[in-house]
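Participant: Got a sequence here, can you build the structure:
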Amino acid sequence: MAQRPKEHVRAGIVAGAAALFAEVGYEATTMAAVAERAGSSVGNVYKYFAGKDELFQAVLPPAFARDVKRMTEARVKALGTVRDVRLLAPDARYHALAGELLDYCLAHRERVVILLGRAQGTPFASFADDFASKLVQWALEYAHRAWPTLRPSASVRFALRQIYDNYLRSLAAAFATFEGPNAIREAVAHLTDHHQGGLKHLFESAASQGGTKSQHPGAKERK
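Facilitator: Next up, the predicted model:
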């Protein structure tokens, strides 16, 4: 009679793989290293997973990436027309959604690290880049509501893209550097405060100028 797979053994393999994918990335992780981290044998790992691709799908299912995008978009939209997050009431929907998103990410710390910083060689290799593009789009939609006079120039869009690229890298670093949820929360809070303050200043400045100045780097102003 064939031996039935043991769920706790499978869970241990997935946990070991998640830790390694987050630490060294998918490409550098071997099935042998996963087996060692899980306290098992390579042969036993292959009893549960046909290969590294199947193991990665168990570690980071597509639904997680979709959830992160969906929850982030809902959080941004919840700002409405408020220009300063500090003016929101403690029980505002924005804060509730922000808390839910952070709790969800903390419950899957390795997935966040992989998704934002260690996805090379996986189906999510372009996730961070695509996510940054979406964040720029959502930020501009928000800015249009909150600052109706803002007409985003090419330079504003460029600045936003750099801001979000750096913000996502910083979040990935926070989740990779700290393991304890309290430490991660504190680091994310510092990053987010700085990020939101910078965006507010950018939008206010662009709105006051009409957001109409748009030149390529090095281009000379026409007289």
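Participant: For this structure, which segments are assigned as helices?
Facilitator: Along the chain, the segments classed as helices by DSSP state H run 7-24, 31-38, 42-48, 52-59, 62-77, 93-106, 109-117, 127-146, 154-177, 181-209.
Participant: what's the most buried one of these?
Facilitator: Mean neighbours per residue, mean count of other Cβ atoms under 10 Å, is largest over the helices of the chain for helix 109-117, with a mean of 23. For the C-beta atoms, the positions are set from N, CA and C on the backbone; glycine is no exception.
Participant: Pull the residues that contact it.
Facilitator: Contacts with helix 109-117, where a contact means Cβ atoms under 8 Å, 6 or more residues apart in numbering, come from 18-19, 21-22, 25-26, 59-60, 64-65, 68, 105, 122, 124, 127-128, 131, 168-169, 171-173, 175-176, 179, 184.
Participant: Kindly report the same for stretch 55-65.
Facilitator: The contact list for stretch 55-65, computed with Cβ under 8 Å, 6+ apart, reads 13-14, 17-18, 21, 26, 31, 34, 45, 49, 108, 110-111, 114-115, 122-124, 127.
Participant: Try it again at 6 Å.
Facilitator: 14, 17-18, 21, 49, 111, 114, 122 (Cβ atoms under 6 Å, 6 or more residues apart in numbering).
Participant: Could you dump those residues into TSV with distance to residue 40 added?
Facilitator: Compiled in TSV, these are given as follows (distance: Cβ to Cβ, whole Å):
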residue	distance to residue 40
14	11
17	11
18	15
21	17
49	11
111	22
114	21
122	23
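Participant: Format the residues you listed as JSON lines; extra columns: pLDDT and distance to residue 188.
Facilitator: JSON lines is the format used below for the contacts of stretch 55-65 (pLDDT from 0 to 100; distance: Cβ to Cβ, whole Å):
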{"residue": "14", "pLDDT": "97", "distance to residue 188": "25"}
{"residue": "17", "pLDDT": "97", "distance to residue 188": "25"}
{"residue": "18", "pLDDT": "97", "distance to residue 188": "20"}
{"residue": "21", "pLDDT": "97", "distance to residue 188": "21"}
{"residue": "49", "pLDDT": "95", "distance to residue 188": "32"}
{"residue": "111", "pLDDT": "98", "distance to residue 188": "15"}
{"residue": "114", "pLDDT": "98", "distance to residue 188": "17"}
{"residue": "122", "pLDDT": "97", "distance to residue 188": "24"}
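Participant: Give me the distance between the nearest residue in space to residue 135 that is not next to it in sequence and residue 148.
Facilitator: Distance criterion Cβ to Cβ, 6 or more residues apart in numbering; nearest residue to residue 135, sequence neighbours excluded, is residue 164 at 4.4 Å. Counting by Cβ to Cβ, to the nearest Å, the gap from residue 164 to residue 148 is 23 Å.
Participant: so where's the chain uncertain?
Facilitator: Residue ranges of the chain with pLDDT under 70: 1-5, 210-223.
Participant: repeat that for 50
Facilitator: Applying pLDDT under 50 to the chain flags the ranges 1-4, 211-223.
Participant: picking up where we left off before, mind putting the helices of the chain into JSON lines with distance to residue 85?
Facilitator: Converted to JSON lines, the helices of the chain look like this (distance: least, Cβ to Cβ, whole Å):
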{"stretch": "helix 7-24", "distance to residue 85": "30"}
{"stretch": "helix 31-38", "distance to residue 85": "40"}
{"stretch": "helix 42-48", "distance to residue 85": "45"}
{"stretch": "helix 52-59", "distance to residue 85": "33"}
{"stretch": "helix 62-77", "distance to residue 85": "11"}
{"stretch": "helix 93-106", "distance to residue 85": "7"}
{"stretch": "helix 109-117", "distance to residue 85": "22"}
{"stretch": "helix 127-146", "distance to residue 85": "11"}
{"stretch": "helix 154-177", "distance to residue 85": "15"}
{"stretch": "helix 181-209", "distance to residue 85": "5"}
